[in-house]
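Q: can you look at this prediction? I've put the sequence above it.
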Amino acid sequence: MILGHSLGSVIAADLLRRLHKGLHVVGMVTVGSPLASDSFGVDKLRDVLREPPPNLEWWVSFWDGRDPVAARRGVSSAFPWMIDFRVPSRTMSPLAAHQAVEYLAQDVVAEAVGYGLFGSRSKEVARVERGVDVPLDAAEDYALLALRYAHLIKLRLTGDRKERYAGALRNVHANLVDVLAAKRSETARPLPEALSRLRFDLSDPRAEVPEPTPSRRLAKDDAVVMLTVLMGQNIILPYEVNVPADVKQKAMEDLTAEMGLGGVFGSDVFAAAREAQAALNGGRGVNWLKWGALGAGAIAIVVATGGLALAAAPGVAGAAAITSALAAFGPGGMIGGLLTAGTLVTAGGGGIAFGLVSASTTAETLEAVVSGQLTAEILRKRHALDSDAAVWRNLVDMEMQLRREHERLDEFSDDSAPSIKELKRKVDAVERALAHLRHMGLEPAASAPSSEVPSDDRPFWKRAVPAIGR
């Protein structure tokens, strides 16, 4: 563990040396750090620590509002992925407020230092597992991440809403773990320790619900789709408790912080969703934050393609694994809903475009899927991650098919016909998504026109489908 006061040049140099050599640092406690000040810089520390080092487990920085060195704000303003904690002032003197003795006299600082040196103060008997553990599969990975998110939401709720949410979560938690355990038993596979420790007797009202451990660390590329889907999922289905958006966002920030992604990544998931919703709004409310209510249209797309025509969620498993999981759990329910939505967000092959433009798929379903894809692309852009090229290809493919169908039907149909209105709504959603991707600079670069061939500035769909309108 590293303890630093003001993060002076010696401490900063030691920290950089340790991290660059790949040495594992359990944790770091800083007090009165000046890193929040723009005028401070040691060996380009801000640039080096822009992302959390993989070999640093945690960093908590304490600061006093009267401490002038701490710039009267937390270090998270410079490094959003770390933990800030403001301590109550013990003195009226700004100079005294920065002294190490003032910080170290705080119980919360002593507890953090003690945790770093000696571990938890818990006196509970730890259960020791001597067997060889087995990894989680794709469905279990998704389910436990969702369960952890639900518990983090519960911790941030208050009053009657918290009691009702906790009661619903208790039932969902028990049933979910039992279902996952039963699937393991059916295929004669051993139960992972991460699942076995979550089991409890639901019939015993006094039995405590074991809280899922913090989620495993994921790279940002792998987390984009999972978190985009998780944000819009009602984790406590079939129960419905209205959870404020700010509570969900704060819980997501907690989740991404413990995953090593930083709390800002969690807030950016919601910011990306709001940006996508604004781009697709067009004067109407896009009901995108309800993946669990996608309905038969979205389920039919996945079932019709067998899942194999679609890409699997990055970092989870291959398409075959997703297909197997959907076959085992079905596209409904919490697990099936997560897998279905995750499959749809990843765009995949032409099967998704054909399914979404079909008359059997509602405009609401198409808007939800397109909004989810756009959210993921916005999130990737915000964090300088590679774009998913399949999103643009599928949107262009959908636009062409939708316009072709619209031109075919509107020649004889009434303008007020429901089918025409549905098609127009779908076209609008796809066009707005493409326009927003183009605005973000994510349109694939086109080849320069030949000097012998005049350039064609007509819309892509007209150039690609010259027969439209005939």
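A: The structure has been received and is ready for your questions.
Q: and the helices in the stretch 151-300 of the chain, which stretches?
A: Under the criterion DSSP state H, counting those that start in this stretch, helices of the stretch 151-300 of the chain are mapped to 159-186, 193-196, 220-231, 245-258, 263-281, 295-305.
Q: dump the ones you listed into CSV; add mean pLDDT and mean neighbour count as well.
A: Glycine gets a C-beta too; all of them are placed from N, C-alpha and C. Putting the helices of the stretch 151-300 of the chain into CSV (pLDDT from 0 to 100; neighbours: other C-beta atoms under 10 Å) gives the following:
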stretch, mean pLDDT, mean neighbour count
helix 159-186, 92, 16
helix 193-196, 88, 16
helix 220-231, 86, 24
helix 245-258, 91, 20
helix 263-281, 89, 20
helix 295-305, 50, 20
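Q: and of these, who's closest to His436?
A: Closest approach to His436 among those (C-beta to C-beta): helix 263-281, 4.0 Å.
Q: chain center to stretch 406-420: distance?
A: Relative to its parent chain, stretch 406-420 has a centroid offset of 39 Å by C-alpha atoms, centre = their mean, to the nearest Å.
Q: check stretch 30-39 too.
A: On C-alpha atoms, centre = their mean, the centre of stretch 30-39 falls 30 Å from that of its chain.
Q: give me the neighbour count for Tyr103.
A: Residues near Tyr103, counting by other C-beta atoms under 10 Å, number 24.
Q: my guess is it meets Ala110, correct?
A: No. With contact defined as C-beta atoms under 8 Å, Tyr103 does not count as touching Ala110 (9.7 Å).
Q: mind putting the helices of the stretch 151-300 of the chain into CSV with distance to Val29?
A: Output for the helices of the stretch 151-300 of the chain, formatted as CSV (distance: least, C-beta to C-beta, whole Å):
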stretch, distance to Val29
helix 159-186, 31
helix 193-196, 29
helix 220-231, 26
helix 245-258, 17
helix 263-281, 18
helix 295-305, 48
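Q: so which of these is nearest Trp63?
A: helix 263-281 (16.8 Å).
Q: pull the CA atoms of that closest one into PDB?
A: C-alpha atoms of helix 263-281 as PDB (Å, rounded to 0.1, in the frame of the first residue of the first chain):
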ATOM      1  CA  GLY A 263     -17.500   5.900 -12.300                       C
ATOM      2  CA  VAL A 264     -17.500   8.300 -15.300                       C
ATOM      3  CA  PHE A 265     -18.000   5.300 -17.700                       C
ATOM      4  CA  GLY A 266     -21.200   4.500 -15.900                       C
ATOM      5  CA  SER A 267     -22.500   8.000 -16.200                       C
ATOM      6  CA  ASP A 268     -21.400   8.100 -19.800                       C
ATOM      7  CA  VAL A 269     -23.600   5.000 -20.500                       C
ATOM      8  CA  PHE A 270     -26.700   7.100 -19.500                       C
ATOM      9  CA  ALA A 271     -25.400  10.200 -21.200                       C
ATOM     10  CA  ALA A 272     -25.000   8.200 -24.500                       C
ATOM     11  CA  ALA A 273     -28.500   6.900 -24.100                       C
ATOM     12  CA  ARG A 274     -29.900  10.400 -23.600                       C
ATOM     13  CA  GLU A 275     -28.000  11.600 -26.700                       C
ATOM     14  CA  ALA A 276     -29.300   8.700 -28.800                       C
ATOM     15  CA  GLN A 277     -32.900   9.300 -27.600                       C
ATOM     16  CA  ALA A 278     -32.600  13.000 -28.500                       C
ATOM     17  CA  ALA A 279     -31.300  12.100 -31.900                       C
ATOM     18  CA  LEU A 280     -34.200   9.800 -32.600                       C
ATOM     19  CA  ASN A 281     -36.900  11.700 -30.800                       C
END
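Q: list the contacts of it.
A: Contacting residues not belonging to helix 263-281 are listed as 76, 80-81, 220, 223, 227-228, 231-232, 245, 248-249, 252-257, 286, 288-289, 367, 370-372, 374-376, 378-379, 382-383, 429, 432-433, 435-436 [C-beta atoms under 8 Å, 6 or more residues apart in numbering].
Q: look up how far Ala363 lies from Ser419.
A: Distance, Ser419 to Ala363, by C-beta to C-beta, to the nearest Å: 11 Å.
Q: neighbour count: these two, which is higher?
A: Higher neighbour count among Ser419 and Ala363: Ala363, with 19 against 14, using other C-beta under 10 Å.
Q: could you say which helix or strand contains Asn394?
A: helix 389-409 (DSSP states H and E).
Q: helices and strands around the helix or strand following that helix, which ones?
A: Per DSSP H and E, the first helix or strand lying C-terminal to helix 389-409 is helix 418-439. For helix 418-439, the packing partners by 3 or more C-beta pairs under 8 Å, 6 or more residues apart in numbering; DSSP states H and E come out as helix 263-281, helix 363-382, helix 389-409.
Q: any idea how far the last one is from the chain center?
A: When you say that, I think you mean helix 389-409. Using C-alpha atoms, centre = their mean, the offset of helix 389-409 from its chain centre is 28 Å.
Q: so that helix versus helix 418-439, what angle?
A: 150 degrees (axes from the mean of the first three to the mean of the last three C-alpha atoms, to 10 degrees).
Q: show me how far stretch 236-243 is from its chain's centre.
A: The mean C-alpha position of stretch 236-243 is separated from the chain mean by 19 Å, C-alpha atoms, centre = their mean.
Q: start at 42 instead
A: Right, with 42 as the first residue, what we last looked at is stretch 277-284.
Q: check the model's average confidence along it for me.
A: Here stretch 277-284 scores 88 as its mean pLDDT.
Q: what does it contact?
A: So stretch 277-284 is in contact with 191, 194, 198, 202, 205-206, 209-210, 212-213, 275, 333, 374-375, 378, going by C-beta under 8 Å, 6+ apart.
Q: now do 6 Å
A: Residues outside stretch 277-284 that contact it (C-beta atoms under 6 Å, 6 or more residues apart in numbering): Ile194, Arg205, Tyr206, Ala209, Leu210, Val213, Gly333, Met375.
Q: tell me the spacing between the closest residue to the first one other than its chain neighbours and Asp201.
A: In this case it means Ile194. Of all residues not flanking Ile194 in the chain, Ala292 sits nearest, at 4.4 Å (C-beta to C-beta, 6 or more residues apart in numbering). Applying C-beta to C-beta, the value for Ala292 to Asp201 is 19 Å.
Q: ditto for Arg434
A: 48 Å.
Q: which SS class is Val101?
A: Under DSSP: H, G, I helix; E, B strand; the rest coil, Val101 falls in the strand class.
Q: tell me, how many residues neighbour it?
A: 20.
Q: OK, contacts around it?
A: Applying C-beta under 6 Å, 6+ apart, the residues contacting Val101 are Val70, Ile124, Ala153.
Q: which SS state does the first one fall under?
A: Going back to what we said before, that points to Val70. Relying on three-state DSSP, one would call Val70 strand.
Q: that one reaches Ala153, doesn't it?
A: Yes. With contact defined as C-beta atoms under 6 Å, Val70 counts as touching Ala153 (5.1 Å).
Q: for the stretch 42-191 of the chain, which segments count as helices?
A: With DSSP H, counting those that start in this stretch as the criterion, the stretch 42-191 of the chain has helices at 50-61, 86-89, 135-138, 141-145, 148-159, 179-197.
Q: ok now the fourth one, how far from the chain's centre?
A: Pointing back at helix 141-145 there. Counting by C-alpha atoms, centre = their mean, helix 141-145 comes out at 38 Å from the chain centroid.
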